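K.L.:
How does the following fold in three dimensions:
(2 chains)
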2 protein chains.
Amino acid sequence: MIQRATLLCLSISLSIFAPCAAQSGDSRPAASNVRGAQYPRVYADLRVEFRIKAPEARKVQLQPGGDDNGLGKGPIDMARADDGTWSVTTPAAVPGFHYYWFLVDGVAMNDPASETYFGWGRQSSGVEVPDKGGDFYAAKDVPHGDVRVRWYYAKTTQAWRPAYVYTPADYDRDSRARYPVLYLQHGSGEDERGWSTQGRANFILDNLIAGGKAKPLIVVMDQGYATAPGAAPAATTQGRGSAQPSLFEKMVIDDLIPMIDATYRTLSDRDHRAMAGLSMGGGQTLQITLTHLDKFCWIGSFSSPLRAGLDLKTAYSGAFADAAAFNKKVHLLWLGAGTGEERMLKPALAMHDTLEQAGIKNVFYQSPGTAHEWQTWRRDLYEFVPLLFR
Amino acid sequence: MIQRATLLCLSISLSIFAPCAAQSGDSRPAASNVRGAQYPRVYADLRVEFRIKAPEARKVQLQPGGDDNGLGKGPIDMARADDGTWSVTTPAAVPGFHYYWFLVDGVAMNDPASETYFGWGRQSSGVEVPDKGGDFYAAKDVPHGDVRVRWYYAKTTQAWRPAYVYTPADYDRDSRARYPVLYLQHGSGEDERGWSTQGRANFILDNLIAGGKAKPLIVVMDQGYATAPGAAPAATTQGRGSAQPSLFEKMVIDDLIPMIDATYRTLSDRDHRAMAGLSMGGGQTLQITLTHLDKFCWIGSFSSPLRAGLDLKTAYSGAFADAAAFNKKVHLLWLGAGTGEERMLKPALAMHDTLEQAGIKNVFYQSPGTAHEWQTWRRDLYEFVPLLFR
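P.N.:
Coordinates of the predicted model:
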């Protein structure tokens, strides 16, 4: 047993795990735990053990966020020990980031031992399960860019809002250099913080750029919601913009892009502007880019809720109607989904086939073994960015 | 009643409140709520109403964080309605930011309707109560700086860690300009995110700089903990560094300051380097600055847990032993505390008196009506920064 634990310690020392010293037997605290918290613990075989103290509760359950969560399908009953601690160990989990919470006598509550992440329209617990292939999103000894919180006033909403802006490591070294820009959107119920916390986008970009696999670029991560002046904001879970024109679209075109081009050293022509997004953000991306091809020519849709029966003559204001013209205008149309999310994979494959048959160039990527979760989207970003601005 | 609501709407339109449209009667959703959440609600007279649905619970209470919390002393019983919703309205609260959580049958859980903030060694709910004098920390139509998340490798801990770095609005406009630096630390159980979320430091600095009241500066907000390589990290609530030399002190001197001076356009001499902190961070500030006067000459202690019976001959390696030499060397020694936190105010006043009697120049500030909470420290920052680098 000791030998096994030692091997584990060696084999994952390059990963994003907590320090070796905190391990016990063949498990160790998850990297997503708050400082010093011993649970959740991840075992060498990727089972995850959760604990919560609730002496007076009659029933405590683990609730993974969503039906295709890599921790399993919930709610999962937890067992009570004599001291009032409830615990459960899941089967081997899918590698990556998983939202979860506890149901204590039916009330959803976060795990005080884990960091929280904005998802499901509120702050939710998350657990990081290591991936043997996860080196691409680890914090490594390479030059790091900054993730900047940039507050700006949007005329469209008449309100201040924060955008998260990644500037590459060399941005501050050469004050004359200008960079292409990727606008990168989160999913429904999430916000502008998602890509740099759950998504680890900055580490993915640092590693790609340091390895010469991607051109240095600026990445803008905004909040995919916009509220009309004077209106009450809708709860984020009701904020699904999908493919309908929306105030968010207007805000991106009229406020966000001009602010970014005025504030940072961008290359501001369409050849140097890309947009991508996950789930709701992918739907927003297709809507915004395909109806504004004067502004974008690199497009990525990650696990988007796509329309069934795409009519190439009329969809997206006829952007696909002329294949040759589209291929000339758009440098990259990239579609992705996980093999574990049939709901998103099937319509994406259907769109890919329809486009192929019409002679419209596009790239299709399947993330092996992952579902509608961040591990799919981390891989999407890692596959998508190297193709940009070539 | 309608007239009163209208007046309220006008009088606080410059504040950090949610939009007017969301108001109902004389209350409205707190600015700290997640998007679309109707509770907690703040009344015109600053009473705060909390709600949580827990049909199966036998007892639900509101727990303000700490004994001197401006929401009142907890736990405060909540009342159950027929639909299983529990609610309570506090007496008029002290303006500012207050940590809180619910106790559901004795289990501490966050409010799903509020943002969470790292405090008390974990993610905790917080509620923002508006202050008539709070204009100084509002997001206003002035040039805004960026708050940058900067990951760096500390040799002292042999680990990657994030520092939050505020760069002023004109930092990117003149690529030759260099800036003085303020190192600004959070309190025990908090982390590097505290000053820019709970503290609204970036808005305070934007407003001070735009108003010509402060010189443009860089502000570095790091995590006030350091773990020896290979050791298990202690939970943050056990991480009180206070005035003892610590690994954090070594990390600041050997890793943080050199990294900041190498990465940003700083003025790197002692005349242009300040440090301040709140509570535990104030103790760390006094320890680090007074024993490294070759590196700092502007010092701020906000609500620090100060030593009783300061011996001027021996304290801080004898930094105070020669009053004339100290006054020549240190350009500012600034002590602050709230009038509502006797535990911190009394020893700070005693230190102020002892220093005065010894002829050691120092500034003392009392925040009226606030206790060991962020409203005290927002005001401290607002009073302290204009005195720097003059």
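K.L.:
could you pull out the strands for the stretch 151-300 of chain A?
P.N.:
A:159-167, A:181-185, A:218-221, A:273-278, A:298-302 (DSSP state E, counting those that start in this stretch).
K.L.:
Can you redo those strands as JSON lines, where the extra columns are mean neighbour count and mean pLDDT?
P.N.:
The way it works is simple: take the backbone N, C-alpha and C, and place the C-beta from them, glycine included. Below are those laid out as JSON lines (neighbours: other CB atoms under 10 Å in any protein chain shown; pLDDT from 0 to 100):
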{"stretch": "strand A:159-167", "mean neighbour count": "21", "mean pLDDT": "98"}
{"stretch": "strand A:181-185", "mean neighbour count": "27", "mean pLDDT": "98"}
{"stretch": "strand A:218-221", "mean neighbour count": "26", "mean pLDDT": "98"}
{"stretch": "strand A:273-278", "mean neighbour count": "28", "mean pLDDT": "98"}
{"stretch": "strand A:298-302", "mean neighbour count": "29", "mean pLDDT": "98"}
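K.L.:
how about the ones you listed, which one is nearest chain B?
P.N.:
strand A:159-167 (4.3 Å; CB to the nearest CB).
K.L.:
What strands line up against the closest one, and which way round?
P.N.:
Applying DSSP bridges, strand A:159-167 is found paired with strand A:146-154 (antiparallel), strand A:218-221 (antiparallel).
K.L.:
Next up, the contacts around the residue nearest to A:Gly66 when sequence neighbours are not counted.
P.N.:
Nearest-residue entry for A:Gly66: A:His372, 6.4 Å, with adjacent residues in sequence omitted and distances by CB to CB, 6 or more residues apart in numbering or on different chains. Neighbouring residues of A:His372 by CB atoms under 8 Å, 6 or more residues apart in numbering or on different chains: A:Gly66, A:Asp68, A:Ser279, A:Ser303, A:Gly338, A:Glu341, A:Arg343, A:Met344.
K.L.:
now do the same end-to-end measure for stretch A:37-54.
P.N.:
Stretch A:37-54 has an end-to-end distance of 17 Å (CA to CA, to the nearest Å).
K.L.:
do the same with stretch A:163-182
P.N.:
First residue to last in stretch A:163-182 (CA to CA) measures 13 Å.
K.L.:
Show me how far that stretch is from its chain's centre.
P.N.:
When C-alpha coordinates are averaged (CA atoms, centre = their mean, to the nearest Å), stretch A:163-182 and its chain have centres 21 Å apart.
K.L.:
Do you know the pLDDT at the residue in the stretch 201-350 of chain A that chain B sits nearest to?
P.N.:
Closest contact between the stretch 201-350 of chain A and chain B, by CB to the nearest CB, is at A:Ala235 (3.2 Å). We have a pLDDT of 70 for A:Ala235.
K.L.:
surely it meets A:Gly121?
P.N.:
Yes. The criterion here is CB atoms under 8 Å, and A:Ala235 meets it with A:Gly121 at 5.4 Å.
K.L.:
Find residues that contact each of these two.
P.N.:
Common contacts of A:Ala235 and A:Gly121, defined by CB under 8 Å, 6+ apart, comprise B:Val34, B:Arg35, B:Gly36.
K.L.:
Neighbour-wise, give me the winner out of the contacts of A:His372.
P.N.:
Scoring those on neighbours with other CB atoms under 10 Å in any protein chain shown, the highest-scoring entry is A:Ser303 at 29 neighbours.
K.L.:
picking that back up, how close does the residue nearest to A:Gly66 sit to chain B?
P.N.:
From A:His372 over to chain B the distance is 21 Å, taken as CB to the nearest CB, to the nearest Å.
K.L.:
and the residue nearest to A:Ser175 when sequence neighbours are not counted, how many residues sit next to it?
P.N.:
Using CB to CB, 6+ apart and skipping the chain neighbours, the partner closest in space to A:Ser175 is B:Ser175 (3.4 Å). B:Ser175 has 12 neighbours, counted by other CB under 10 Å.
K.L.:
what's the answer for A:Lys73, then?
P.N.:
Neighbour tally, A:Lys73, other CB under 10 Å: 10.
K.L.:
mind listing what's buried in stretch A:304-320?
P.N.:
Of all the residues in stretch A:304-320, those buried under the rule 16 or more other CB atoms under 10 Å in any protein chain shown are A:Ser304, A:Pro305, A:Leu306, A:Arg307, A:Leu310, A:Leu312, A:Ala315, A:Tyr316, A:Ala319, A:Phe320.
K.L.:
tell me which element the last one is part of?
P.N.:
Spelled out, it's A:Phe320. Secondary structure assignment for A:Phe320, by DSSP states H and E: no helix or strand.
K.L.:
wait, it sits on A:Asn362?
P.N.:
No. Taking contacts as CB under 8 Å, A:Phe320 lies outside contact range of A:Asn362: 10.2 Å.
K.L.:
tell me the SS of A:Ser304?
P.N.:
Classification of A:Ser304 using DSSP: H, G, I helix; E, B strand; the rest coil returns coil.
K.L.:
For the residue nearest to it when sequence neighbours are not counted, which residues are in contact?
P.N.:
Of all residues not flanking A:Ser304 in the chain, A:Gly282 sits nearest, at 3.0 Å (CB to CB, 6+ apart). A:Gly282 is in contact with A:Gln185, A:Ala276, A:Gly300, A:Ser301, A:Phe302, A:Ser303, A:Ser304, A:Pro305, counting by CB under 8 Å, 6+ apart.
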